[in-house]
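J.: Predicted model and sequence follow; I will ask about them next.
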Amino acid sequence: MKKTYKIEVDCANCANKMELAAKKTPGVKDASVNFMLLKMTVEFEDGADVKAVMAKVKEACKVVEDDCEIYF
Amino acid sequence: MTKKQKRMLCRILAAAALLVLLALLPLSGFLRFAAYMLPYLIVGHDILRKALKGIKNRQPFDENFLMAVATVGAILLGEYVEGVAVMLFYQIGELFQSYAVGKSRRSISALMDIRPDCANLEMENGETQAVDPDDVPIGSVILVRPGEKIPLDGVILSGSSTLNTSALTGESVPREAKEGDEVLSGCISTTGLLRIRTTRSFGESTVSKILDLVENASSLKSRPEAFISRFARVYTPAVCMSALALAVLPPLFLLLAGQPPRPGDWVFRALTFLVISCPCALVVSIPLTFFAGIGCASREGVLVKGSCYLESLSKVRTVVFDKTGTMTQGVFAVTDVFPAALDRDALLEAAALCECRSTHPISRSLLAACGGEIDVSRVTGVQEISGKGVIAQVDGKAVACGNSSLMAQLGVSVPENAAGGTLVHVAIGGTYAGLIVISDRLKETAGEAVAALRRTGVRKTVMLTGDTQETAAQIAAALGIDDVHAQLLPQDKVAHVEQLLAQSSEGLLAFVGDGINDAPVLSRADVGIAMGALGSDAAIEAADVVLMDDDPRRIALSIRIARRCLSIVYQNIVFALGVKFACLILGALGIANMWIAIFADVGVMVLAVLNAIRALRAPK
């Protein structure tokens, strides 16, 4: 399952770091961040609890870039 | 400017004013330190906070950390003005970058502003109500007033209008639409009121498909983008380590060699090193260039499915075309008439009369060439001979129209002729009367399209077709296509493309087709280009690049847009890395001071971003 979320982040490098962090989160099969459109597309593993996984993704992103936001 | 940017601007202005003021005041000692801390904290407190957070989260090596270490170091060394100035210029650079990115983001979304806001749904009681296009079920009736966007794909029930399709196709010539015509969402109705029965839901409508495609385009990353993100990951820690080495090793070495170590000097050089090293210029400008390039292409009616395809498109050296629907219009028409006995019009009329009962495309094209109405009562005793032609009595005379085997059957000798296309021989009263050539008409811009491809540096053009050898050779000669393979079945086309892929030593291969039964070839080629794809889902699925209208000149245009975009990308990589490495070496040698370091960081980024924005404009 794939879902797209609106994000807020200031710099392109931070967007790259968010992408890496999201990819490493358990329950996420693949993730990509589009800095230009400020969107994060997350592909979840089968049977993953989307809400819980996204909370983890946000937490992981906050660690690498304090100044970011994911709307879900 | 957003609120955040405005606040940043105020902080920068306040700090800059304070810095100028302090430079005029004769302060010394601790008072001087405390005074300079004021502008420093005003402009840089968030950077310091982020750097500390990074250390706490064990992710220390980012640009905040670089800036924090460099400025704190400069202040500790007593270089107050430099310390504050570095922070100040860094923030100016960040502000400029976020402003430029925001601006291009907006200008690209304005290009793609085809999303309809609402649909005027006709209710059962005859009144209309504005609703979200998402809530309109298939088969509803909607009203589109002049000046409005058509929100969903459908068929016109009543009314007629002139449609502006430029947002979808890049084509500025408006299209007429009347009752019974199919219309696509995203077009703007300019003149009349239309009542439309919807045939697709919003999610399935053309406008959603296109938006989806463009918005997801940058998730397929190109090699330069992947290179930059990998590079940035290795680069920052490497530079931090080098800076540390620069601060510690030379003084130690000098100490051992019995010379004065001057540690302050070396630490300052290391700090300069840190300021120069920030990778922002690359990390921002490369994705921005691709994004702008894709945006520019979509404005020209060329949808590129990912920045990796923009990269492949720029390297295309071989272009393979399908014939029907790509270089030709896919419509049969009379292209040549060679009368033997009577004049041209009389020959055409005789042939049209003879074939007037048939619905075969060839008969249709004869009727169309004759123009006007035909008096069917002049024709009697029509006899269709399957696979050969038609014999009929026209005004009492026996007229035969058909291929050479029909002529042979009738015992009429046919002169030699090298014309390509479908040949219709005509015999009147048992004697040969002439030849009519019917073929698929070339697109008006096809010749220009091939010439334009050659000008952009395409080395080889090949045409593949299921048509006969003569027709194919004639078209290839007319257009200036290098190589042609005729009488191919769809699977033969795949085999030919594979063979060409194996042969070509340099550059990539693009296949251009109309998306009808050539999906396997589209996906086999390095770049699959589908044309005239508006409304055809299969083509949009299969292709990497979609040309929204069916003008073959757009093939060359899309290659030029891709080339320009990639050349800007490489310019930026070379320029940014070149200046950075030059400054790093100068910094390590102690030649570059802090001000040069600031230019290498902020100045390079500003220039790279400005250069990236050029990709928004289509090449002339």
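T.: It's in. A quick note: this is a predicted structure, and the numbers were derived from the prediction, not measured.
J.: Every contact and neighbour count from this point should use C-alpha atoms.
T.: OK.
J.: Could you point out the helix or strand that follows the strand or helix carrying B:Ser242?
T.: Using DSSP states H and E, B:Ser242 sits within helix B:223-256. Next helix or strand after helix B:223-256 toward the C-terminus (DSSP H and E): helix B:263-277.
J.: That next one packs against which elements?
T.: For helix B:263-277, the elements it packs on are helix B:63-76, helix B:223-256, helix B:553-589, helix B:594-598, judged by 3 or more C-alpha pairs under 8 Å, 6 or more residues apart in numbering or on different chains; DSSP states H and E.
J.: For chain A, which of the ones you listed is the nearest?
T.: With C-alpha to the nearest C-alpha as the criterion, chain A lies closest to helix B:223-256 of those, at 6.9 Å.
J.: what helices or strands is the closest one leaning on?
T.: On a contact count with 3+ C-alpha pairs under 8 Å, 6+ apart, helix B:223-256 meets helix A:12-24, helix B:263-277, helix B:280-299.
J.: Point out where chain B drops to low pLDDT.
T.: B:59-61, B:107-113, B:170, B:214-219, B:372, B:418-421, B:515-516, B:533-537 (pLDDT under 70).
J.: Any idea how many residues pack against the closest residue to B:Ala68 other than its chain neighbours?
T.: Nearest residue to B:Ala68 in three dimensions, chain neighbours excluded: B:Leu48, at 5.7 Å (C-alpha to C-alpha, 6 or more residues apart in numbering or on different chains). Residues lying near B:Leu48 (other C-alpha atoms under 10 Å in any protein chain shown) number 18.
J.: any idea how far the helix or strand encompassing B:Leu48 is from the chain center?
T.: Element membership for B:Leu48 (DSSP H and E) is helix B:29-56. The chain centre lies 46 Å from the centre of helix B:29-56; the measure is C-alpha atoms, centre = their mean, to the nearest Å.
J.: now the angle between helix B:63-76 and that helix, please.
T.: Taking axes from the mean of the first three to the mean of the last three C-alpha atoms, to 10 degrees, helix B:29-56 and helix B:63-76 form an angle of 160 degrees between their directions.
J.: got a list of what B:Asp181 touches?
T.: B:155-156 (C-alpha atoms under 8 Å, 6 or more residues apart in numbering or on different chains).
J.: Can you give me the distance of it to B:Leu121?
T.: In this view, B:Asp181 and B:Leu121 are 19 Å apart by C-alpha to C-alpha, to the nearest Å.
J.: what helix or strand is A:Ser32 on?
T.: strand A:28-34.
J.: do that strand and chain B meet?
T.: Yes - counting by C-alpha under 8 Å from any C-alpha of the partner chain, chain B is contacted by strand A:28-34 at A:32-34.
J.: just checking, B:Asp322 touches B:Ala519?
T.: No - the criterion here is C-alpha atoms under 8 Å, and B:Asp322 misses it with B:Ala519 at 11.6 Å.
J.: which residues sit against the helix or strand encompassing B:Leu366?
T.: Taking DSSP H and E as the criterion, B:Leu366 maps to helix B:361-370. Counting by C-alpha under 8 Å, 6+ apart, helix B:361-370 makes contact with B:332-334, B:345, B:348-349, B:351-352, B:355-356, B:358, B:438, all of which sit outside it.
J.: Tell me the most packed of those residues, by neighbour count.
T.: Using other C-alpha under 10 Å as the neighbour test, the contacts of helix B:361-370 are led by B:Ala351, with 31 neighbours.
J.: Spit out the contact partners of B:Lys388.
T.: B:402-406 are the contacts of B:Lys388 under C-alpha under 8 Å, 6+ apart.
J.: Greatest separation within these: which pair is it?
T.: B:Gly402 and B:Ser405 (7.9 Å; C-alpha to C-alpha).
J.: which parts of the helix holding B:Ser242 are buried?
T.: By 16 or more other C-alpha atoms under 10 Å in any protein chain shown, the buried positions in helix B:223-256 come out as B:224-225, B:228-229, B:232-233, B:235-236, B:239-240, B:242-244, B:246-247, B:251-252.
J.: do stretch B:399-418 as well
T.: Applying 16+ other C-alpha under 10 Å to stretch B:399-418 flags B:399-404, B:406-407, B:412, B:414 as buried.
J.: Contacts for it, please.
T.: Counting by C-alpha under 8 Å, 6+ apart, residues outside stretch B:399-418 touching it are B:350-351, B:354-355, B:388-393, B:423-432, B:470.
J.: Could you spell out the sheet neighbours of the very next helix or strand once past the strand holding A:Ser32, each with its direction?
T.: Note on strand A:28-34: by DSSP H and E, the next helix or strand toward the C-terminus is strand A:39-44. Partners of strand A:39-44 in the sheet, by DSSP bridges, are strand A:2-8 (antiparallel), strand A:28-34 (antiparallel).
J.: deepest of those, which one?
T.: Greatest average neighbour count among those goes to strand A:28-34 (a mean of 21), per mean count of other C-alpha atoms under 10 Å in any protein chain shown.
J.: Can you tell me, leaving aside adjacent residues, what's nearest to the residue in chain B that chain A sits nearest to?
T.: Among all residues of chain B, B:Val284 sits closest to chain A, at 5.3 Å; criterion: C-alpha to the nearest C-alpha. Leaving aside its chain neighbours, B:Val284 sits nearest to A:Ala12 (5.3 Å; criterion: C-alpha to C-alpha, 6+ apart).
J.: what's the one you found in contact with, if anything?
T.: For A:Ala12, counting by C-alpha under 8 Å, 6+ apart, the contacting residues are A:35, B:280, B:283-284.
J.: could those be laid out in a markdown table, adding neighbour count and distance to B:Thr272?
T.: Shown next, in a markdown table, are the contacts of A:Ala12 (neighbours: other C-alpha atoms under 10 Å in any protein chain shown; distance: C-alpha to C-alpha, whole Å):
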| residue | neighbour count | distance to B:Thr272 |
| --- | --- | --- |
| A:Phe35 | 26 | 29 |
| B:Cys280 | 23 | 16 |
| B:Val283 | 23 | 21 |
| B:Val284 | 23 | 22 |
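J.: all helices of the stretch 351-500 of chain B, in order?
T.: B:361-370, B:404-410, B:446-455, B:469-479, B:490-503 (DSSP state H, counting those that start in this stretch).
J.: surely B:Ala612 meets B:Ile286?
T.: Yes - counting by C-alpha under 8 Å, B:Ala612 sits close enough to B:Ile286 to count as a contact (7.3 Å).
J.: Give me the common contacts of the two.
T.: B:569, B:572.
J.: quick one: contacts of stretch B:554-563?
T.: Against stretch B:554-563 from outside (C-alpha under 8 Å, 6+ apart): B:293, B:296-297, B:302, B:310-311, B:313-316, B:449, B:452-453, B:456, B:547, B:615, B:618-619.
J.: which non-adjacent residue is nearest the residue nearest to the spatial centre of chain A?
T.: Of all residues in chain A, the one closest to the mean position by C-alpha atoms, centre = their mean is A:Ala22, 4.5 Å from it. Spatial nearest neighbour of A:Ala22, excluding adjacent residues (C-alpha to C-alpha, 6+ apart): A:Val57 at 5.3 Å.
J.: again with B:Gly457
T.: B:Arg317 (6.9 Å).
J.: quick check: angle from the host helix or strand of the one you found to helix B:446-455?
T.: Using DSSP H and E, B:Arg317 maps to strand B:316-322. If you take the same axes, to 10 degrees, strand B:316-322 sits at 160 degrees to helix B:446-455.
J.: Please give me every residue in contact with B:Val579.
T.: B:600, B:604.
J.: Check A:Thr4 too.
T.: By C-alpha under 8 Å, 6+ apart, the residues touching A:Thr4 are A:39-42.
J.: Please read off the pLDDT at it from the model.
T.: At A:Thr4, the model reports a pLDDT of 81.
J.: what is it paired to in the beta sheet?
T.: Beta-bridge partners, per DSSP bridges, of A:Thr4: A:Thr41.
J.: What residue in the chain is the furthest from its centre?
T.: Going with chain A. Farthest-out residue of chain A from its mean C-alpha position, per C-alpha atoms, centre = their mean: A:Gly47, at 18.1 Å.
J.: nope, chain B please
T.: Distance from the centre of chain B peaks at B:Gly258, with 64.0 Å (C-alpha atoms, centre = their mean).
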